[in-house]
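Student: The sequence and its predicted three-dimensional model are supplied below.
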Amino acid sequence: MGTTRETGTVDGRSTVGHAPEAAAARGAHGVEGRPGTLGVAVIGTGRMGADHVRRLHDVISGARVAAVADLDADRAARLARDVGGATAYTDPAAAMDDPGVDAVLIASPGPAHEAALLDAFARDLPVLCEKPLTPDAASALRVLEAEQKLGHRRVQVGFMRRYDAGYRTLKSLLTKGTHGRPLMLHHKHRNADTPPGFTNAMMINDSVVHEIDVTRWLLDEEITAVRVLRPAPTGNAPEGLSDPQLILFETSAGQVVDTELFVNCGFGYQVSCEAVCEGGTARIGDDHGVFVNAAGQWGGTIPPGFVERFEDAYDRQVQHWVDATRRGEVEGPSCWDGYAAAVVCEAGVLAQASGERVPVELIERPDLYG
Ligand SMILES: NC(=O)c1ccc[n+]([C@@H]2O[C@H](COP(=O)([O-])OP(=O)(O)OC[C@H]3O[C@@H](n4cnc5c(N)ncnc54)[C@H](O)[C@@H]3O)[C@@H](O)[C@H]2O)c1
Ligand SMILES: O[C@H]1[C@H](O)[C@@H](O)[C@H](O)[C@@H](O)[C@H]1O
């Protein structure tokens, strides 16, 4: 894997080696039999992509950033220079064809994920794809079908809350049935503010998609219907954004789940979840950081954003992906989880507009995701 490459250059070429045979020739099928570190191409170098590049470079063992790609050539080149040893591209497919690349981390915006996933499938490269898998049900289904055509799983979806210590403890309590059968979940999801261009559809596709995934994972049930209530918006939200919202899910086991989504709360980043069970309740997410008692003061701190709140979860998620990939395996949230979340999101966007209860209909779960 120790290929000599120019550092910090931008290369938008469609280079040779696009075909799966090229990947096979360089041994990239799950990197079985390939010693050394995993060479990763990071696609999209904005907020999340840059954070993953730093993580791969400074925190994760067994991997290195071999290539970065961004439509913004300067941004990609700067980041490649910062980490050293990585080549910058403007074309994601060209980055995947970089001879040092064994695997792909997709951190471009949701609407760009389908194209990047299909490019990675064409090269049979393992992928960690940031949530959402794709922003709508039809494109998620196309990705699901394309992965099935490969005949093996290639994708771990970046539903990182599954790697958060609090959520893992809650999952373990629910799986063991420590407090009896779960009846309801109460989620809170508050962001200080939203980036420019954040839409009502993104309230569901970009934000609530996390609650959709952890609900399915914690309860081990599918979501069967969605309703959305929209209180009078905060004056802090951009014009036209319906913020906050209350989203209600029903599950296949008859549980009811509510999410308070408030993405311009102004004061910081808060994500919590309370499970109400037959014999007790359990809540996580209230105590991030230091708890201080001092003169005239009692209480904890609120993290500014997701990078701080979920830092450990992102680290564990990426390390898990790297470790599994180096063993030639694919684990973690699958394309099926990404597809199911996309279908619920689509129902959520419809429910948001209509104010009606919208049923969720999934295809039958394919054997590959048994
Ligand atoms: N798991 C989490 O908590 C979390 C947090 C934030 C973002 N995300 C996800 O990460 C992804 C990126 O979000 P972000 O906040 O970093 O966005 P961003 O807008 O900050 O960055 C996106 C970057 O991708 C680049 N880009 C756009 N289209 C591209 C394409 N076709 N090919 C290559 N690059 C392209 C843009 O130039 C930009 O630099 C999204 O899927 C988002 O939902 C996840
Ligand atoms: O893209 C971000 C990210 O996924 C965060 O984890 C979530 O809290 C935000 O609401 C969302 O906009």
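Tutor: Thanks, I have the structure now. Ligands and ions are numbered 1, 2, ... in the order given.

Student: and stretch 149-158, is it in reach of ligand 2?
Tutor: No: applying Cβ under 6 Å from any ligand atom, one finds stretch 149-158 out of contact with ligand 2, separated by at least 8.7 Å. C-beta here means a position set from N, CA and C on the backbone, and glycine is covered the same way.

Student: Please save the CA atoms from the one helix or strand W217 maps to in CSV.
Tutor: Assigned by DSSP states H and E, W217 belongs to helix 209-219. C-alpha atoms of helix 209-219 as CSV (Å, rounded to 0.1, in the frame of the first residue of the first chain):
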residue,chain,number,x,y,z
VAL,A,209,-33.3,10.2,10.6
HIS,A,210,-31.2,9.6,13.7
GLU,A,211,-34.2,9.1,15.9
ILE,A,212,-35.7,6.8,13.2
ASP,A,213,-32.6,4.6,13.2
VAL,A,214,-32.2,4.5,17.0
THR,A,215,-35.9,3.7,17.5
ARG,A,216,-35.7,0.7,15.1
TRP,A,217,-32.4,-0.4,16.7
LEU,A,218,-33.4,0.1,20.4
LEU,A,219,-36.9,-1.5,20.0
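
Student: Count the residues that sit near the closest residue to K131 other than its chain neighbours.
Tutor: Closest residue to K131 apart from its sequence neighbours, by Cβ to Cβ, 6 or more residues apart in numbering: G158 at 5.0 Å. G158: 27 surrounding residues under other Cβ atoms under 10 Å.

Student: Please report the distance of G158 from R309.
Tutor: G158 sits 15 Å away from R309, taking Cβ to Cβ, to the nearest Å as the criterion.

Student: ok and the residue in the stretch 1-150 of the chain nearest ligand 1?
Tutor: Per Cβ to the nearest ligand atom, G46 is where the stretch 1-150 of the chain lies closest to ligand 1, at 1.7 Å.

Student: which parts of the chain sit against ligand 1?
Tutor: By the rule Cβ under 6 Å from any ligand atom, the part of the chain lying against ligand 1 is 43-49, 69-72, 75, 92, 107-110, 112, 130-131, 158, 160, 206, 306, 310.

Student: What subset of these is buried?
Tutor: Buried residues within those, counting neighbours by 16 or more other Cβ atoms under 10 Å: 43-45, 48-49, 69-70, 75, 92, 107-108, 110, 112, 130-131, 158, 160, 206, 306, 310.

Student: These in strands, which ones?
Tutor: 43, 69, 130, 158 (DSSP state E).

Student: any chance of those in TSV, plus pLDDT and distance to E278?
Tutor: Shown next, in TSV, are these (pLDDT from 0 to 100; distance: Cβ to Cβ, whole Å):
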residue	pLDDT	distance to E278
I43	99	45
A69	98	50
E130	98	36
G158	98	33
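
Student: okay, among these, which ones form the most distant pair?
Tutor: A69 and G158 (17.1 Å; Cβ to Cβ).

Student: how about the closest residue to G151 other than its chain neighbours, secondary structure?
Tutor: Nearest residue to G151, sequence neighbours excluded (Cβ to Cβ, 6+ apart): L368, at 7.9 Å. Following DSSP: H, G, I helix; E, B strand; the rest coil, we place L368 in the helix state.

Student: near ligand 2, which residues of the stretch 151-300 of the chain?
Tutor: 191, 206-207, 210, 263.

Student: top of these by neighbour count?
Tutor: Neighbour counts for those, by other Cβ under 10 Å, peak at V263, which reaches 25 neighbours.

Student: residues contacting it?
Tutor: V263 sits next to 189-191, 193-194, 198, 203, 207, 237, 241, 243-244 when contact means Cβ atoms under 8 Å, 6 or more residues apart in numbering.

Student: again with W336
Tutor: Here W336 is in contact with 144, 365-366, 368-369 (Cβ under 8 Å, 6+ apart).

Student: one step back: look up how far F291 lies from the residue nearest to K131.
Tutor: 30 Å.

Student: What of P196?
Tutor: 35 Å.

Student: repeat for V104
Tutor: Computed as Cβ to Cβ, the V104 to F291 distance reads 40 Å.
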